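Visitor: Would you be able to build a 3D model of this:
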Amino acid sequence: MERFAYLLSFALFLAFPGFSHVQLIHTKAVDYLFYEPTVVDTHNDTMMLAIDESTWLPKIDIGEETDFHLDIPKAKAGGLHVAFFAAYTSGFYDNNARSISRTLALLNALYWTERNNPDTFKIAQNSAEIKQTVGEGKLAAVPTIEGAYSLEEHNAIELLHQYNDLGVKAIGFNWNYSNALGEGADRVYGDPAKTPSNGGLTDLGAEVVKEMNRLGMVVDVSHMSRETFWDVIQVSEAPIIASHSGVYGLKQHQRNLTDDEMLALKENGGVLSIVFFPAFLTNNSTGYVSDIVDHIDYAVDIMGIDHVGIGSDFDGAPLPEDLQSAEDLPLITDELAHRGYSLEDIEKILGGNILRLLEEVESIADINQEVKTAGPVIEPEYEMGEIIQTTTPVLQAKIEDYTELDLESIRIIVDGIPYVPSFDEETATLSLQLEEKLQEKFHVVTFEAANKAGDTIRETRIFYIND
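Guide: Presented below is the predicted three-dimensional model:
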């Protein structure tokens, strides 16, 4: 009977466009057991607003109502199930350590949010965890990085692995400015002189792409120069995303993808997630939901229905006049239905295509994202996000049943730099005394060892220096 009622309602909508389809799809007015597409938004900057401007410590809990574009109540009201939370770094900082600190500050805020909202919010590190989290009725938070200015020759691969430990699923190499991985969309560096850059993906950038493929991480091409985009297409064996871009054919902007780029993205198996920022959508001073769907229409015409998604840029850019927060997301569904998209196609655009992409990226990876290596157990001294009072800390972890370990394999990695630690067999403690003072506030430490079966065991924590 419910199915009949729904189909009747949908038929009424098609026959009478004034009939409110918003109340039928991904809203509370329809029985979720009958039809509820998984809605995935591939970019927001909300954590940037949640931290203190001076200390970068988390300050505002999005588990409560805020004046942000996105918080947990707004996500629930708008039917948003999965949100990619960006750790955004601009490239303005003149030292690598500060870029690391800024990136970790935003990832730490995400973990803080999870601790504060265990019943409604959970960090999901792979597609299986996303499905489980959505099934539990929680907002699945996918950590991402926008602007990989923390990755340089001396630390890139080790730090990339630490980010992977922290659940980072996608990385955009640039935020317009160029860096050690490749040229950004502005084709300049972020130094005060805005020094011009040239070329696309660097050798280091290509190495990072290949390692991300191996780890099951997604390369994000939004904010790259076109030459860097084409280089990534050549190097990556896994599907890639443009997490928040538009189409160049409707708005000639450097951040939008050309028809040729979209066709290449289709061939790659990737997804273009259409941004909500009016400056990328229209020449008018304000934008509307119809402008977003115009770009969706264009992208679908070029790429097909299986390669288009949504990437709002909530809390990172102005929004269309008639879509002011995550609570208004059903308006996109309404406009898609009004233009004749089927329920199956709407479901793909709203999230199905991204979930498919994640599964394909993970299937190509060398590492099984769903299997956690069994014992021995490493227990770090610090909890995630712990505040410590010295710039030269002793980093320690206890190892349960260390006799199963290859003691020659033990390492401690700090901010992408590996060290050989000491190991006290009497206390089963792995430790490293840092000799040089840590200059920035946020840092990441990984305790690593291999068991006698050859499996690597890692525990990674973010910590904050309050000195």
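Visitor: Tell me the confidence at Ser285?
Guide: pLDDT recorded at Ser285 is 87.
Visitor: what's the answer for the one 10 residues further on, then?
Guide: With respect to pLDDT, His295 has a value of 98.
Visitor: One more: Tyr341?
Guide: Tyr341 is assigned a predicted lDDT (pLDDT) of 97.
Visitor: Please report phi then psi for it.
Guide: phi -70, psi 140 (degrees, to the nearest 10).
Visitor: measure the closest residue to it other than its chain neighbours to Ser273 for me?
Guide: Nearest residue to Tyr341 in three dimensions, chain neighbours excluded: Ile349, at 7.4 Å (CB to CB, 6 or more residues apart in numbering). C-beta here means a position set from N, CA and C on the backbone, and glycine is covered the same way. Between Ile349 and Ser273 the distance is 10 Å, computed by CB to CB, to the nearest Å.
Visitor: And for Phe229?
Guide: Taking CB to CB, one finds Phe229 at 15 Å from Ser273.
Visitor: For the two, work out which one has more neighbours and name it.
Guide: Legend: neighbour count by other CB atoms under 10 Å for Phe229 and Ser273, higher for Ser273 (29 against 24).
Visitor: bridging residues for that one?
Guide: On the basis of DSSP bridges, Ser273 is bridged to Gly309.
Visitor: quick one, what contacts it?
Guide: Taking CB atoms under 8 Å, 6 or more residues apart in numbering as the criterion, Ser273 is in contact with 41-43, 241-245, 308-311, 354.
Visitor: roughly how far is whichever helix in the chain runs longest from the heart of the chain?
Guide: When the chain is parsed with DSSP state H, its longest helix is helix 96-116. Relative to its chain's centre, helix 96-116 lies at 13 Å (CA atoms, centre = their mean, to the nearest Å).
Visitor: Need the mean per-residue confidence for the helix or strand following that helix.
Guide: Where DSSP states H and E defines the elements, the next helix or strand beyond helix 96-116 is strand 121-123. Average pLDDT, strand 121-123: 98.
Visitor: List the neighbouring strands of strand 121-123 plus their orientation.
Guide: strand 139-146 (parallel).
Visitor: If I take the strand it pairs with and helix 96-116, what angle do their directions form?
Guide: Orientation check (axes from the mean of the first three to the mean of the last three CA atoms, to 10 degrees): strand 139-146 against helix 96-116 gives 180 degrees.
Visitor: Output strand 139-146 in CSV with nothing but the alpha carbons.
Guide: Included here for strand 139-146 are C-alpha records, laid out as CSV according to Å, rounded to 0.1, in the frame of the first residue of the first chain:
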residue,chain,number,x,y,z
LEU,A,139,26.2,11.3,9.8
ALA,A,140,29.3,9.6,8.2
ALA,A,141,32.2,12.0,8.2
VAL,A,142,34.9,11.3,5.6
PRO,A,143,38.2,13.1,6.3
THR,A,144,39.8,14.8,3.3
ILE,A,145,42.6,17.3,2.6
GLU,A,146,42.4,20.3,0.4
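Visitor: in the helix or strand that comes right after it, what's buried?
Guide: Counting by DSSP H and E, the next helix or strand C-terminal to strand 139-146 is helix 156-165. Residues of helix 156-165 classed as buried by neighbour count (16 or more other CB atoms under 10 Å): 156, 158-165.
Visitor: Likewise for stretch 252-271?
Guide: 255-257, 261-262, 264-266, 268-271.
Visitor: now the end-to-end length of stretch 119-126.
Guide: 19 Å (CA to CA, to the nearest Å).
Visitor: where does Ala347 sit relative to Glu379, distance-wise?
Guide: Heads up, residue 347 is Glu, not Ala. As judged by CB to CB, Glu347 and Glu379 stand 43 Å apart.
Visitor: Just give the closest residue to Ala449, not the sequence neighbours.
Guide: Ile410 (4.6 Å).
Visitor: in a strand, that's where that neighbour is, yeah?
Guide: Yes: according to DSSP: H, G, I helix; E, B strand; the rest coil, Ile410 belongs to a strand.
Visitor: Okay, now the unreliable bits of this protein?
Guide: Scanning the chain for pLDDT under 70 picks out the ranges 1-35, 368-375.
Visitor: quick one: the helices in it?
Guide: Using DSSP H, helices in the chain cover 2-15, 46-50, 72-78, 96-116, 127-135, 156-165, 203-215, 226-235, 259-268, 289-303, 330-338, 343-347, 353-364.
Visitor: Over to stretch 69-85 now: how far is its first residue from its last?
Guide: 13 Å.
Visitor: domain assignment for the protein?
Guide: Domain segmentation of the chain under automatic domain parsing yields 37-364, 377-465.
Visitor: what distance separates the last one from the centre of its chain?
Guide: Right, domain 377-465. The answer for domain 377-465 is 26 Å, by CA atoms, centre = their mean.
Visitor: distance between the ends of that domain?
Guide: By CA to CA, the extent of domain 377-465 from end to end equals 26 Å.
Visitor: repeat for stretch 423-438
Guide: OK, stretch 423-438 end separation, CA to CA: 23 Å.
Visitor: residues in contact with the nearest residue to Asn198 once chain neighbours are set aside?
Guide: In this structure, Asn198 finds its nearest non-sequential neighbour in Glu183, 6.9 Å apart by CB to CB, 6+ apart. Each residue near Glu183 by CB under 8 Å, 6+ apart is listed here: 174, 197-200, 224-225, 227-228.
Visitor: Need the residues you listed in JSON lines (columns: distance to Leu430 and neighbour count).
Guide: Formatted as JSON lines, the contacts of Glu183 follow (distance: CB to CB, whole Å; neighbours: other CB atoms under 10 Å):
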{"residue": "Asn174", "distance to Leu430": "37", "neighbour count": "27"}
{"residue": "Ser197", "distance to Leu430": "42", "neighbour count": "18"}
{"residue": "Asn198", "distance to Leu430": "45", "neighbour count": "9"}
{"residue": "Gly199", "distance to Leu430": "42", "neighbour count": "14"}
{"residue": "Gly200", "distance to Leu430": "41", "neighbour count": "20"}
{"residue": "Met224", "distance to Leu430": "39", "neighbour count": "30"}
{"residue": "Ser225", "distance to Leu430": "43", "neighbour count": "24"}
{"residue": "Glu227", "distance to Leu430": "44", "neighbour count": "15"}
{"residue": "Thr228", "distance to Leu430": "40", "neighbour count": "26"}
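Visitor: Please report the distance of the nearest residue to Ile413 once chain neighbours are set aside from Glu408.
Guide: Distances taken as CB to CB, 6+ apart put Thr446 closest to Ile413, at 4.3 Å, once the chain neighbours are dropped. Distance of Thr446 to Glu408, given as CB to CB: 17 Å.
Visitor: So for the two, which residue has more residues nearby?
Guide: Set side by side, Thr446 and Glu408 show more neighbours around Thr446, with 25 against 8, by other CB under 10 Å.
Visitor: Pretty sure the residue nearest to Tyr341 sits against Val308.
Guide: Yes: between Ile349 and Val308 there is a contact under CB atoms under 8 Å: 5.5 Å.
Visitor: so what sits against both of the two?
Guide: With contacts taken as CB under 8 Å, 6+ apart, the residues that reach both Ile349 and Val308 are 296, 300.
Visitor: So His69 versus Pro318, what's the distance?
Guide: Distance of His69 to Pro318, computed by CB to CB: 10 Å.
Visitor: quick one on the thing from earlier: residues touching the residue nearest to Ile413, list them.
Guide: 161-162, 165, 411-414, 458-461.
Visitor: Thanks a lot, see you next time.
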